[in-house]
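1. For reference, the sequence and a predicted model appear below.
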Amino acid sequence: MGQLFKVAVLPGDGIGPEVMAEALKVLDAVEKRYDVKFERTHANVGGAGIDLEGRALPETTVNICKAADAILFGSVGGPKWETLPPDEQPERGALLPLRKIFGLYANLRPAIIFPSLTSASSLKEEVIAGGFDILVIRELTGGIYFSQPKGIDGAGRDRVGVDTMRYSVPEIERIAHVAFQAAQKRGKKVCSIDKANVLSTSVLWREIVINIAKEYPDVELSHMYVDNAAMQLVRWPKQFDVILCENMFGDILSDEAAMLTGSLGMLPSASLAEGTFGMYEPSGGSAPDIAGQGIANPIAQILSAGMMLRYSFGMIEAADAIDNAVAKVLDKGYRTRDIYQEKAGEKLVNTKEIGDAIIANL
Ligand SMILES: NC(=O)c1ccc[n+]([C@@H]2O[C@H](COP(=O)([O-])OP(=O)(O)OC[C@H]3O[C@@H](n4cnc5c(N)ncnc54)[C@H](O)[C@@H]3O)[C@@H](O)[C@H]2O)c1
Ligand SMILES: CC(C)[C@H](C(=O)O)[C@@H](O)C(=O)O
Ligand SMILES: [Mg+2]
């Protein structure tokens, strides 16, 4: 009897269920090839949670996640729920609480350009010739997203909106360790992003990262202000290996890095807790502009399922097989609309067709 892993499946809203369907087909195919079973339990989250169970993160969903070895998450949010009180909306009512409840402090977002997709990148081909491979490591449970006080106080024109950015030494230390250990396994460079010329959190961040770096003498550490980093990413992305960021800087820079790879629909992510538990989701959102049309790119969701096999289940060979199948399908010219260009060798396909092609090449 092979291994059994329990997966909480939370498709969410917009394109979430469409791309999730393809990732689940890939898990079926992995079950057939490897001696493994993924016991999947579906649960409502986000707008789907509000519509079907009255809240963005129903208790039943939390319990299903607690009983699982990992969470496979689609995306949440959309215009339908944007007028609810902020804390009841899909993002603040479900996604952020999930990150907090499960202690998912380390968000890994690999932005890798597939060789056959260089012309889909928004950068000039000569800038990305030879490809790049960037790993954005984003702190995910602290900073301005979660620190108190937070809210809108007062009345009328006297109202003030308040967000607080706070980082403690242990919070910075643990994410720095993740970044240095990741760098040791790849290009051996960490670029730590901050705004130490303005923010106190960044002054502390830089000091602590420098201290932790002493434990990793084989890794080269550099520092960059976030505004410069945003510019350097589009100027010369190949200079980066691991990019270490606090929560909000990582949110912004990872979307930018995603687009360099051709589309937000290409960027997977792993949100990891201490130990092996993790939540896996595309870095992009529910894409209301294309939802319901069956044309979304499912690759970020499929690669996220691959990251689940790699980081939570230790199935390195199967995870590599998924990455390779995606690369092969792109080499053969299959393209969803977001990465399609009208030129010889490219075939415009829909969500389901590219999913089928990936499975056929697994
Ligand atoms: N993790 C999440 O659940 C998550 C992440 C980001 C945004 N959101 C939410 O999603 C909603 C829409 O936000 P947004 O429009 O700013 O960001 P978005 O990421 O949903 O979409 C931005 C653009 O990228 C495109 N895109 C994204 N994923 C794609 C895919 N797989 N295939 C093809 N194109 C894709 C969209 O069509 C859109 O043009 C909001 O409610 C937002 O809060 C959720
Ligand atoms: C939807 C939103 C709360 C979320 C974030 O800001 O973390 C998203 O943009 C992401 O990158 O996962
Ligand atoms: Mg984001």
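-> Great, that's in hand. Ligands and ions are numbered 1, 2, ... in the order given.

2. Show residues contacting the strand or helix carrying Glu256.
-> With elements taken from DSSP states H and E, the one containing Glu256 is helix 247-260. By C-beta atoms under 8 Å, 6 or more residues apart in numbering, the surrounding residues in contact with helix 247-260 are 107, 109, 111, 113, 121-123, 128, 132, 134, 136-146, 165, 193-195, 226, 229-230, 233-234, 237, 243, 245, 264, 266-267, 269, 283-284. (Glycine included, C-beta is placed from N, CA and C.)

3. Give me the neighbour count for the closest residue to ligand 2 within the stretch 151-300 of the chain.
-> Closest to ligand 2 within the stretch 151-300 of the chain is Asp251: 4.4 Å, counting by C-beta to the nearest ligand atom. Number of residues near Asp251 (other C-beta atoms under 10 Å) recorded here: 19.

4. distance of it from Pro288?
-> 19 Å (C-beta to C-beta, to the nearest Å).

5. just Lys6 next, same as before
-> Using C-beta to C-beta, we find Lys6 at a distance of 31 Å from Pro288.

6. Near ligand 2, which residues of the stretch 1-150 of the chain? Just list them.
-> Contact residues (C-beta under 6 Å from any ligand atom) of the stretch 1-150 of the chain with ligand 2: Gly77, Glu91, Leu95.

7. now with 8 Å?
-> Neighbours of ligand 2 within the stretch 1-150 of the chain, by C-beta under 8 Å from any ligand atom: Ser75, Val76, Gly77, Pro90, Glu91, Arg92, Leu95, Leu96, Arg99, Asn107, Leu140, Tyr145.

8. out of those residues, which touch ligand 1?
-> Ser75, Val76, Gly77, Pro90, Glu91, Leu95.

9. and of these, the nearest to Met307?
-> Ser75 (15.6 Å; C-beta to C-beta).

10. Who are the contact partners of that closest one?
-> Applying C-beta under 8 Å, 6+ apart, the residues near Ser75 are Gly12, Asp13, Gly14, Ile15, Gly16, Gly46, Glu281, Pro282, Gly284, Gly285, Ser286, Ala287.

11. now do Ser269
-> Asn107, Leu108, Arg109, Ser254, Tyr280, Glu281, Pro282, Ser283, Ser304, Met307.

12. can we see that at 10 Å?
-> 73, 107-110, 136, 138, 140, 254, 258, 278-284, 300, 303-304, 307 (C-beta atoms under 10 Å, 6 or more residues apart in numbering).

13. try Val242
-> 108, 134-137, 178-192, 219, 221.

14. Mark which of those are buried, thanks.
-> 108, 134-137, 178-180, 182-183, 187, 190-192, 219, 221 (16 or more other C-beta atoms under 10 Å).

15. Give me the distance between Arg109 and Asp35.
-> Distance, Arg109 to Asp35, by C-beta to C-beta: 31 Å.

16. These two: which is more packed in?
-> Arg109 (27 against 8).

17. Now do the helix or strand where Ala23 lies: which elements does it pack against?
-> Counting by DSSP H and E, the element that carries Ala23 is helix 16-33. In terms of contacts (3 or more C-beta pairs under 10 Å, 6 or more residues apart in numbering; DSSP states H and E), helix 16-33 is packed against strand 3-12, strand 36-42, helix 47-53, strand 70-75, helix 299-311, helix 316-331, helix 351-360.

18. Could you pull up the residues touching Ala29?
-> Going by C-beta under 10 Å, 6+ apart, Ala29 touches Ala318, Ala321, Ile322, Ala325, Ile358, Ile359, Ala360, Leu362.

19. Output the helices and strands packed on helix 16-33 as TSV; include the columns mean pLDDT.
-> Shown next, in TSV, are those (pLDDT from 0 to 100):
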stretch	mean pLDDT
strand 3-12	98
strand 36-42	98
helix 47-53	98
strand 70-75	98
helix 299-311	98
helix 316-331	97
helix 351-360	98
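
20. Distance to Ile152 for those - can I get that in JSON lines?
-> Converted to JSON lines, the helices and strands packed on helix 16-33 look like this (distance: least, C-beta to C-beta, whole Å):
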{"stretch": "strand 3-12", "distance to Ile152": "27"}
{"stretch": "strand 36-42", "distance to Ile152": "36"}
{"stretch": "helix 47-53", "distance to Ile152": "21"}
{"stretch": "strand 70-75", "distance to Ile152": "26"}
{"stretch": "helix 299-311", "distance to Ile152": "33"}
{"stretch": "helix 316-331", "distance to Ile152": "43"}
{"stretch": "helix 351-360", "distance to Ile152": "39"}
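
21. any chance you could map the strands in the stretch 51-200 of the chain?
-> Ranges of strands in the stretch 51-200 of the chain, per DSSP state E, counting those that start in this stretch, are 70-75, 106-112, 133-139, 151-153, 160-162, 189-194.

22. Show me what the fourth one is packed up against.
-> Using 3+ C-beta pairs under 10 Å, 6+ apart as the contact criterion, the secondary-structure elements in contact with strand 151-153 are strand 160-162.

23. Many thanks, have a good one.
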